[in-house]
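>>> For reference, the sequence and a predicted model appear below.
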Amino acid sequence: MLEGLFAIERYFMQMTHSGVVSVHGDRATARFVIRERGRGDDSFYDNLAVYNDELVREPAGWRFKRRSYSYRFLDQQPFTGTAYPVPR
């Protein structure tokens, strides 16, 4: 997915902030705040969102049962400042 984003974006950055995970036996819930910024040739993307996850423990380890992504803030106006390329 990231390779596809880099093909259309001059840069894309995703920052996951501290989250809360609650484990109840073989089930768990998790909530993480995420910030994303990206810039294409003619596009701008700046958001704040929340992942709300339900997880289950299987023999091979923990797996997502359900995942939701909810926007809390979205701005697509041109950025001020300078974007620097990401080394490949």
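Looks like it arrived, so ask away.

>>> buried set for the host helix or strand of Thr29?
With secondary structure defined by DSSP states H and E, Thr29 is part of strand 27-40. For strand 27-40, the neighbour count (16 or more other CB atoms under 10 Å) marks 28, 30, 34, 36-39 as buried. C-beta: built from backbone N, CA, C; applies to glycine.

>>> Farthest pair within these?
The span of those, defined through CB to CB, is set by Ala28 and Arg39 at 35.1 Å.

>>> Dump the buried residues of strand 27-40 into CSV; add pLDDT as well.
Output for those, formatted as CSV (pLDDT from 0 to 100):
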residue, pLDDT
Ala28, 98
Ala30, 98
Ile34, 96
Glu36, 93
Arg37, 90
Gly38, 86
Arg39, 84
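
>>> quick check, nearest of those to Lys65?
The closest of the buried residues of strand 27-40, once distances to Lys65 are taken by CB to CB, is Ala28, at 9.3 Å.

>>> give me every residue that touches that closest one.
Going by CB atoms under 8 Å, 6 or more residues apart in numbering, Ala28 touches 21-22, 54-57, 62.

>>> which residues does it bridge with?
Judged by DSSP bridges, the bridge partners of Ala28 are Val23, Leu55.

>>> And it, how far from Gln76?
34 Å (CB to CB, to the nearest Å).
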